Each structure stands twice: as structure tokens, then as C-alpha cells.
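>>> The following block contains a protein sequence and its predicted model.
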Amino acid sequence: MADGDQADDKTIPDEAVIWRRVAPDQAKPTDEGLIPTPSAFRDSSDSPMSAILAADSTTERALGECPDNGVVGITAGELRALGQRLIRDPVDGEPAHLLVAGPKPRGGFQKRVSKAATWVVYPEGHRD
Amino acid sequence: MNAELRSEVTYYSTTGIQFIEPAGGVLSDDALIASRDTDEDLAVERQAEAIRLKMQDLLDRLEDGWDSYGARAPQRHLFVAGLRLIEGLLHTDIAAPQVIPTNKGGVQFEWNVGSRELEIEVVGADRFEVFFEDESTGETVEDEVTSRKLGVLSALVNKLKPTV
């Protein structure tokens, strides 16, 4: 498993779409419709933010055992423009798994990704 | 959710969190009702009750790993701190915030009002991270405050009021 210190993987083109699961409790209604909360785009406590290279996966696999979750997409170029490195990190059951490593300030990253990301799978489990 | 269950959840909500930490009466229904007797105060109390219900639901429902990426389950002491904080920040002129659990077990309150956005995250029993941005003016605030500087948070919430 990658540790997040590696360099950006240039074999992933800027136009590649990157997916991230969003739990139903991380979606919120706004004037523009339901959007993922900025806090859905943070590192885990022990590793950089997980994501999936869309071209090498399927939405069914991306959702895995969380069918009520949503999936959002954003391009590799947009993530790089926000200071992120993309690192391939294949894991059991998801060879297209990636780490998105880099600083993730609220205004400079989380909010921008929240606004730029688009739903690939709408979160069926959202309650509001 | 049927009416009986809603009633049960409401009862649990208004007693569950408060019973754990009355905190000098800050979370007491009696104290709130006694101090809020105008229509505006009752409107604020309705906002507070909706937030209490949402927070109780998150506490009851979410377990470790709830976000599928290893998030911590909601931490009761952080939610109590959040409830105490938010009840002092609600205002009739401003819609209630969204209540969002965080992957560290805390809670974040989020307002989106036109071009203005405010986030307040409870990261400790007396530690709050705040982010404010007004896209129309370019004003941005990103800070960490304690309860000794709650005026900072009140001032930012006031920036969400409708402009005349």
C-alpha cells in the first residue's frame, strides 16, 4: 500500500476522471441542489484521501458494500491545480484505488472540490 | 418515520443529550422556554429542536467507519459542546445550519446563504475551527477559536443576515 509520499503519477492524464464515495450524511441541500459537504474531501486519520480512477473501475465496484452512498467525479487536472498528487494504490477488490495527497485547506481545497465535483451516482440514502 | 416513533425520538432527543451533561442549565428545556417567550424566540427554539433531533439521530445511528473511509463514530462530548455552541448562535433572520458529522467524530455546522458560506467545526470540547467566505466581496476568514472568543463566531454568523 502506498504511503502518500510518492510523486504525482504523470501516467494519469489531466482529463482522467477521479471518483470518490460520499456518504449520505455528507450531502447537503443548497439552492443549487444536493451537493457534497466540503468535509467529505479530507484525508483519513492515517492516510491521504482515497479515490478511484474511473476509467479502470465501475460505479458498482466504487460503491462496494455501500449501495446507499453517492459517487462524485472530478478531473485529475482539477485536483492537481489544487495542489494534489495522484498516487496509484491498488487494494484488494479495487485495483483502480488512488491516493490524493497534498494539503487540503478548507477554502483552498475542500470547498472548491465540493463545488466542482459532480454526482456520478446520487446518494440514495440521503435523508433531508 | 411514523408518529409514534417520531414522538419517541423527540423524547429521547430532548432528554438524551441533556441528561448526559446539563452544563449549568445551558441545554435545559426549562431554561430555554423560560427565556424565550416571544415569537422570534420560539422560532429560534424550533430551529434548536430540529438541530437537537438531527444530532441525536447521528449519535444514535453512526458507527466507526460510517463514511466507508474509517471515520470515527460521533463523539458525545463533541456533540454536547456543539449543541451548547449552536444554541447561542441561532437567529430568526438566518436559516438553521446543516448539521454534518466529521470523520474525526466531531460535528460541523454549515450555512450557505447566497454568496456567503460559513463552517464551524467542533474539534474539541472548547475548540472550534471556523471558515467564512463571501464570494461577492472576496472576504475570507479561516481561524480556530475557543469559547473565550465566541464573539468572533457571532460576528461571522451576523454576516449571514439578509442585506437590505
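Happy to help now that I have it.
>>> buried sites along the helix or strand A:Pro29 falls within?
Per DSSP states H and E, A:Pro29 falls inside strand A:27-30. For strand A:27-30, a neighbour-count test (16 or more other Cβ atoms under 10 Å in any protein chain shown) marks A:27-28 as buried. The way it works is simple: take the backbone N, C-alpha and C, and place the C-beta from them, glycine included.
>>> which other residues reach that strand?
For strand A:27-30, contacts defined as Cβ atoms under 8 Å, 6 or more residues apart in numbering or on different chains pick out A:34-37, A:70, A:123, A:126, A:128, B:98, B:100, B:110, B:112.
>>> quick one: the strands in chain A?
For chain A, the strands defined by DSSP state E cover A:17-22, A:27-30, A:33-36, A:49-53, A:70-75, A:85-88, A:97-101, A:118-121.
>>> Check which helices and strands the first one is in contact with.
Using 3 or more Cβ pairs under 8 Å, 6 or more residues apart in numbering or on different chains; DSSP states H and E as the contact definition, the elements that strand A:17-22 packs against are strand A:49-53, helix A:59-63, strand A:70-75, helix A:76-81.
>>> Export these as a markdown table, with columns for distance to B:Ser154 and mean neighbour count.
Below are these laid out as a markdown table (distance: least, Cβ to Cβ, whole Å; neighbours: other Cβ atoms under 10 Å in any protein chain shown):
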| stretch | distance to B:Ser154 | mean neighbour count |
| --- | --- | --- |
| strand A:49-53 | 33 | 22 |
| helix A:59-63 | 41 | 15 |
| strand A:70-75 | 33 | 22 |
| helix A:76-81 | 35 | 18 |
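>>> mind showing which ranges of the chain have poor pLDDT?
By default, I'm working from chain A. Applying pLDDT under 70 to chain A flags residues A:1-4, A:128.
>>> nope, chain B
For chain B, the ranges with pLDDT under 70 are B:1-37, B:164.
>>> one step back: closest one of the contacts of strand A:27-30 to A:Ile12?
Closest approach between the contacts of strand A:27-30 and A:Ile12, by Cβ to Cβ: A:Pro36, at 21.7 Å.
>>> Next up, the contacts around the closest one.
A:22, A:26-28, A:70, A:72, A:114, A:117.
>>> which residue sits closest to it, ignoring its sequence neighbours?
A:Val22 (4.6 Å; Cβ to Cβ, 6 or more residues apart in numbering or on different chains).
>>> now swap in B:Ala43 and tell me
B:Thr92 (4.8 Å).
>>> can I assume that neighbour sits in a strand?
No: secondary structure of B:Thr92 (DSSP: H, G, I helix; E, B strand; the rest coil): coil, not part of a strand.
>>> Can you report how many residues lie near it?
Applying the criterion other Cβ atoms under 10 Å in any protein chain shown, we find 15 residues in the vicinity of B:Thr92.
>>> who touches it in this structure?
Counted by Cβ under 8 Å, 6+ apart, B:Thr92 has contacts B:40, B:43-44.
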